[in-house]
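Undergrad: Generate coordinates for the sequence data below:
(one chain, ligands or ions: 2)
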Amino acid sequence: MMKVCISGLGRAGSQIAKYLLACDRVDLVSGICSPTSTKAGRDLGEIIGCRAAGVPVYPSDRIESCIFNTRPDLILDFSNAAAALKNAETFFSLNVRVVMGTTGFSKAEEAELYALADRFGAGLIYAPNITRGVSTMMLLTELASRILTGYDVEIIEMHHKRKVDIPSGTASKLADRLRESLPVGERHDVPVSSVRAGGIVGCHKVMLVGENDMIEISHQSFSRNAFAEGALFAAEFIQDKTGIFEMKDAMNLDGILMDYLNQSSDNPPRRFALV
Ligand SMILES: NC(=O)C1=CN([C@@H]2O[C@H](COP(=O)(O)OP(=O)(O)OC[C@H]3O[C@@H](n4cnc5c(N)ncnc54)[C@H](OP(=O)(O)O)[C@@H]3O)[C@@H](O)[C@H]2O)C=CC1
Ligand SMILES: O=C(O)C1=N[C@H](C(=O)O)C[C@H](O)C1
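TA: Ligands and ions are numbered 1, 2, ... in the order given. Just a heads-up that it's a prediction; the model follows:
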């Protein structure tokens, strides 16, 4: 069975740990926290309020011991950008695959993450949003923006008030994709508005607004189990692969779209004759 370690045991990481401990498709073997965290040396099950699970938690200055002692096939990283980039180099050097859920990287840091994965011939899924729902939304919004040329495009993202990065990683990726889907020469930045309030788990909305009508495509995560479900999906995809991937690869979205288009051309539209 696939062996998994979670790096970053905060809001997202803890909920993912709870979900994986109750799941019979993976073996959660360890956790990683910051070097100064009181979680170091404790049992992950107890940290997240469950019973002892025999899952040790290591501080990130002892990653090598964590990997040698618990032998994970892959890491689910939900920590912070600085820690994640530093830790990724060690994971890759030890031949451990990474599902990178952490957000807040600058463009230069993203490039460094890719360069590290390349240098070590690693397996990486970089997923600023790990839910299958958001990847589906990205595809739909790209299609819609190509169809509704001339419409104004705006993104709104809403998260809880303790989220540190702004805009969200998902909104940044959506904005980049939508910008790139504009014709060369007409490319402009897609505006993002951010709300940080209460306990909102995660909500992204793309509005395509014309003079006389508009459409909205939105996604909402009801609970952090949405991230756990997505993380498991990503883990099962990357467990035996090397290379750099996105969630859309794990979901085979290009293949599904291709099948859809081929199917439509197999069934040409019926023509009706007046009798
Ligand atoms: N891709 C996606 O779909 C999602 C992405 N995220 C992203 O995941 C990240 C975490 O989010 P969230 O859980 O809300 O944030 P939290 O701040 O609650 O959790 C981050 C955790 O990382 C730990 N950490 C700090 N330094 C290190 C280190 N060197 N090594 C390992 N762990 C470390 C922190 O504390 P401690 O000192 O206790 O170890 C903390 O527990 C964010 O970037 C967020 O945007 C969140 C949800 C979904
Ligand atoms: O910090 C969060 O919580 C989330 N972060 C991700 C992001 O920055 O896009 C994804 C998700 O919406 C939750």
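Undergrad: For the closest residue to ligand 2 within the stretch 1-150 of the chain, which non-adjacent residue is closest in space?
TA: Ligand 2 sits closest to T103 of the stretch 1-150 of the chain, with a gap of 3.7 Å, by Cβ to the nearest ligand atom. To be clear about C-beta, it is placed using only N, CA and C from the backbone, and glycine gets the same treatment. In space, and not counting its chain neighbours, T103 is closest to G169: 2.8 Å by Cβ to Cβ, 6 or more residues apart in numbering.
Undergrad: and the one you found, how many residues sit next to it?
TA: 21 (other Cβ atoms under 10 Å).
Undergrad: Then H188?
TA: If we define neighbours as other Cβ under 10 Å, then H188 has 8 of them.
Undergrad: Distance check, it against R179.
TA: For H188, the distance to R179 equals 7 Å [Cβ to Cβ, to the nearest Å].
Undergrad: buried residues in stretch 225-240?
TA: Across stretch 225-240, burial judged by 16 or more other Cβ atoms under 10 Å covers 226-235, 237-239.
Undergrad: Next one, pLDDT for the residue nearest to T103 please.
TA: Here the pLDDT value assigned to G169 is 98.
Undergrad: How about whichever helix or strand L113 is part of and ligand 2, touching?
TA: Per DSSP states H and E: L113 is located in helix 107-119. No: contact of helix 107-119 with ligand 2 (Cβ under 6 Å from any ligand atom) is absent, the minimum separation being 13.3 Å.
Undergrad: Can you name the element that comes right after that helix?
TA: With elements assigned by DSSP H and E, the helix or strand that comes after helix 107-119 is strand 123-126.
Undergrad: For burial, what's the neighbour tally of L116?
TA: As a burial measure, L116 scores 18 neighbours (other Cβ under 10 Å).
Undergrad: hang on, isn't it packed against E109?
TA: No: in this structure, L116 is not within contact of E109 by Cβ atoms under 8 Å, at 10.4 Å.
Undergrad: Can you give me the distance of the closest residue to ligand 1 within the chain to S79?
TA: Nearest to ligand 1, among the residues of the chain, is G10, at 1.8 Å (Cβ to the nearest ligand atom). For G10, the distance to S79 (Cβ to Cβ) stands at 8 Å.
Undergrad: Just want to know which of these two has more residues nearby.
TA: S79 (25 against 15).
Undergrad: Which positions in stretch 10-19 come out as buried?
TA: Buried residues in stretch 10-19 (16+ other Cβ under 10 Å): 11-19.
Undergrad: Let's see which of those residues end up in helices.
TA: 11-19 (DSSP state H).
Undergrad: Quick one: residues contacting S181.
TA: Going by Cβ atoms under 8 Å, 6 or more residues apart in numbering, S181 touches 142, 145-146.
Undergrad: sorry, that was for F227
TA: F227 sits in contact with 12, 15-16, 78, 101, 130-131, 221, where contact means Cβ under 8 Å, 6+ apart.
Undergrad: Which pLDDT value goes with the spatially closest residue to V55 that is not a sequence neighbour?
TA: Nearest residue to V55 in three dimensions, chain neighbours excluded: L44, at 3.9 Å (Cβ to Cβ, 6+ apart). Looking at L44, its pLDDT reads 97.
Undergrad: what's the burial count for L44?
TA: For L44, the neighbour count with other Cβ under 10 Å is 28.
Undergrad: What of the one 4 residues further on?
TA: Other residues near I48 come to 19 when the count uses other Cβ under 10 Å.
Undergrad: isn't it right next to L20, touching?
TA: No: the criterion here is Cβ under 8 Å, and I48 misses it with L20 at 10.4 Å.
Undergrad: Quick one: the helices in this protein, in order.
TA: Under DSSP H, the chain gives helices at 11-21, 44-47, 63-70, 81-93, 107-119, 132-147, 169-180, 225-238, 247-250, 253-266.
Undergrad: got a list of contacts for the fifth one?
TA: By that I understand helix 107-119. Residues outside helix 107-119 that contact it (Cβ under 8 Å, 6+ apart): 81, 85, 88-89, 92, 98, 100, 105, 122-124, 126, 244.
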